[in-house]
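Asker: This is a predicted model, with the sequence first.
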Number of protein chains: 2
Amino acid sequence: MITSPHNPLLKDIRRLQRRRDERFVAEGEDLVEAAVAAGWPAEATLRAGVDVEPELLDRVSALGSGTRVVGVYRERWDRPTGPLCVALWGVGDPGNVGTVLRGAQAFGAGSVAIGPSSADPFGPKAVRASMGAVFAVPVARVAAPGELAGETVALLAHGGDPLAEVAAELIGEGRPASGRVVTVVVGAERSGVPEAVAEACERRATIPIAAESLNAAMAATVALYELTRIPAP
Amino acid sequence: MITSPHNPLLKDIRRLQRRRDERFVAEGEDLVEAAVAAGWPAEATLRAGVDVEPELLDRVSALGSGTRVVGVYRERWDRPTGPLCVALWGVGDPGNVGTVLRGAQAFGAGSVAIGPSSADPFGPKAVRASMGAVFAVPVARVAAPGELAGETVALLAHGGDPLAEVAAELIGEGRPASGRVVTVVVGAERSGVPEAVAEACERRATIPIAAESLNAAMAATVALYELTRIPAP
């Protein structure tokens, strides 16, 4: 049981909370259990009252008092894989990145690719917003559209083909995906998918909406839904 | 130009930020412009450097320094109306309530109904998350399922009919809604739509997902998409 605030592990965690290295911190039972469920080993786990005095754990927590467990994990980067990959381009809000991870897990996507100017998926806000999905969904780093997997679809606010039509062509009417890999590229809320990236994609799709725009997480959720569902008979 | 921190309007705004009455505060040009666009008059508008000294505006801001404009508005409650209404039951997170408002505006829903134990749509976090949609989409208060409009669909994590099938029946294949009013009821993330409310609804629908659950805003976004789209030919 750690009883000293000068313990090196506590100091290490405090430092990681401010600025992570190739490791990151996850707080709370839900996240730590998600890591266990995904078979992602913790480099260290501190449980309040078991491994460390609760007051000391609270002091290294980013969430304040009452933290029951904190885990330290090593980041993992995969290659973009299908059957469905969501690629984020310029999605700088970590909450949106985490929510996209969560949506990717919910709809069974193969991976999430983090493109340029997108928030760190292993940062504390993204990890929290992912509700543990960061441990379940492979995450990849991509720098250019050429690194994306399979057939590429840019999701645009305006001017693309209706998403439902693109999805029907890609996944087929009434049949699940059969060996095809599809990557849907989602951009930032205001600026959208960069022009050059959209042009490098094979298809351009648009969610038909009446007014205003959706944020990246909402747009990605709809795309995941449409690209994984089997159309109604 | 207000130059005194003791100005009654500044005091009033500071008080509203802590605890609103039948009025609420919106900060930032985007929100204030959304109110103007919706024809929702401000009871007061303070522009930095025009109506008030910038430092004084910063001091009443909930967002910190650099606030350019703050508006005070009177809340408006409507009746639940269609063609599509999203009803929230026990959705306590104001960010989710705001995001649902935003989704409702994007997909052209008629209203959002705020059920029991749901967050205040005019609270500062919900207003911010709505990105101004709180001014564009009528908001209603409901206490019981009997107050909901038209045909009611409870969105459940498990056990309902596939959402796409329910939507196809309700909106018809290839045809837009014709005079029908549909209300989709969305519950809290973990507890979902309360059993009694789900039973009072005419239909129960489920978004087919592979793992875990979606939050209320993600589920509502998918429901809005599915219930407003014209199926692909």
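Answerer: All right, it came through fine.

Asker: where exactly do the strands run in chain A?
Answerer: Under the criterion DSSP state E, strands of chain A are mapped to A:23-27, A:44-47, A:69-74, A:84-89, A:111-114, A:139-141, A:151-156, A:161-162, A:182-187, A:203-206.

Asker: just so I know, which of those lies nearest chain B?
Answerer: Nearest of the strands of chain A to chain B, taken as C-beta to the nearest C-beta: strand A:161-162 at 6.7 Å. Placement of C-beta: from N, CA and C, glycine included.

Asker: check whether that closest one contacts chain B.
Answerer: Yes. Using C-beta under 8 Å from any C-beta of the partner chain, strand A:161-162 comes into contact with chain B via A:P162.

Asker: And the contacts of that strand?
Answerer: A:203-206, A:208, B:232 (C-beta atoms under 8 Å, 6 or more residues apart in numbering or on different chains).

Asker: what pairs with that strand, and is each one parallel or antiparallel?
Answerer: When pairing is defined by DSSP bridges, strand A:161-162 lines up against strand A:203-206 (parallel).

Asker: Could you list the buried residues of the strand it pairs with?
Answerer: Across strand A:203-206, burial judged by 16 or more other C-beta atoms under 10 Å in any protein chain shown covers A:203-206.

Asker: surely A:L170 meets A:R229?
Answerer: No. Taking contacts as C-beta atoms under 8 Å, A:L170 lies outside contact range of A:R229: 11.8 Å.

Asker: Turn the strands of chain A into a markdown table, columns for distance to A:E33.
Answerer: Shown next, in a markdown table, are the strands of chain A (distance: least, C-beta to C-beta, whole Å):
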| stretch | distance to A:E33 |
| --- | --- |
| strand A:23-27 | 10 |
| strand A:44-47 | 11 |
| strand A:69-74 | 9 |
| strand A:84-89 | 24 |
| strand A:111-114 | 21 |
| strand A:139-141 | 19 |
| strand A:151-156 | 32 |
| strand A:161-162 | 40 |
| strand A:182-187 | 28 |
| strand A:203-206 | 36 |
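
Asker: As a markdown table, the ones you listed with mean pLDDT would be great.
Answerer: Formatted as a markdown table, the strands of chain A follow (pLDDT from 0 to 100):
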| stretch | mean pLDDT |
| --- | --- |
| strand A:23-27 | 97 |
| strand A:44-47 | 97 |
| strand A:69-74 | 98 |
| strand A:84-89 | 97 |
| strand A:111-114 | 98 |
| strand A:139-141 | 98 |
| strand A:151-156 | 96 |
| strand A:161-162 | 95 |
| strand A:182-187 | 96 |
| strand A:203-206 | 96 |
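
Asker: who does the worst-scoring helix or strand of chain A on mean pLDDT touch, helix- and strand-wise?
Answerer: Least confident helix or strand, chain A: helix A:163-171 with a mean of 89, by mean pLDDT, DSSP states H and E. Here helix A:163-171 touches strand A:151-156, strand A:203-206, helix A:216-228, going by 3 or more C-beta pairs under 8 Å, 6 or more residues apart in numbering or on different chains; DSSP states H and E.

Asker: any idea which of those is most buried?
Answerer: When you average the neighbours per residue for each of these (mean count of other C-beta atoms under 10 Å in any protein chain shown), helix A:216-228 leads with a mean of 28.

Asker: on that earlier part again, pick the one among the contacts of strand A:161-162 closest to A:A223.
Answerer: Nearest to A:A223 among the contacts of strand A:161-162: A:A205, at 7.6 Å, using C-beta to C-beta.

Asker: okay but that closest one is in contact with A:V153, surely?
Answerer: Yes. Counting by C-beta under 8 Å, A:V153 is a contact partner of A:A205 at 5.2 Å.

Asker: what do the two both touch?
Answerer: Each of A:166, A:184, A:223 lies in contact with both A:A205 and A:V153 under the rule C-beta under 8 Å, 6+ apart.

Asker: Setting aside sequence neighbours, what's the nearest residue to the first one?
Answerer: If the residues on either side of it in the chain are set aside, A:V166 comes closest to A:A205, at 4.1 Å by C-beta to C-beta, 6 or more residues apart in numbering or on different chains.

Asker: residues in contact with that neighbour?
Answerer: So A:A205 contacts A:153-156, A:160-163, A:166-167, A:184, A:223 (C-beta under 8 Å, 6+ apart).

Asker: Chain B contacts on chain A?
Answerer: Residues of chain A lying near chain B by C-beta under 8 Å from any C-beta: A:99, A:102-103, A:105-108, A:131-133, A:136, A:162, A:164-165, A:167-168, A:207-215, A:217-218, A:221-222, A:225-226, A:228-233.

Asker: now those residues: which count as buried?
Answerer: By neighbour count, with 16+ other C-beta under 10 Å, the residues of chain A next to chain B hold A:99, A:102-103, A:105-107, A:131-133, A:136, A:162, A:164-165, A:167-168, A:207, A:209, A:212-215, A:217-218, A:221-222, A:225-226, A:228-229, A:231-232 as buried.

Asker: ok, now how distant is the most centrally placed residue in chain A from A:V86?
Answerer: For chain A, A:L101 is the residue whose C-alpha lies nearest the centre (C-alpha atoms, centre = their mean; 2.9 Å). Using C-beta to C-beta, to the nearest Å, A:L101 is found at 9 Å from A:V86.
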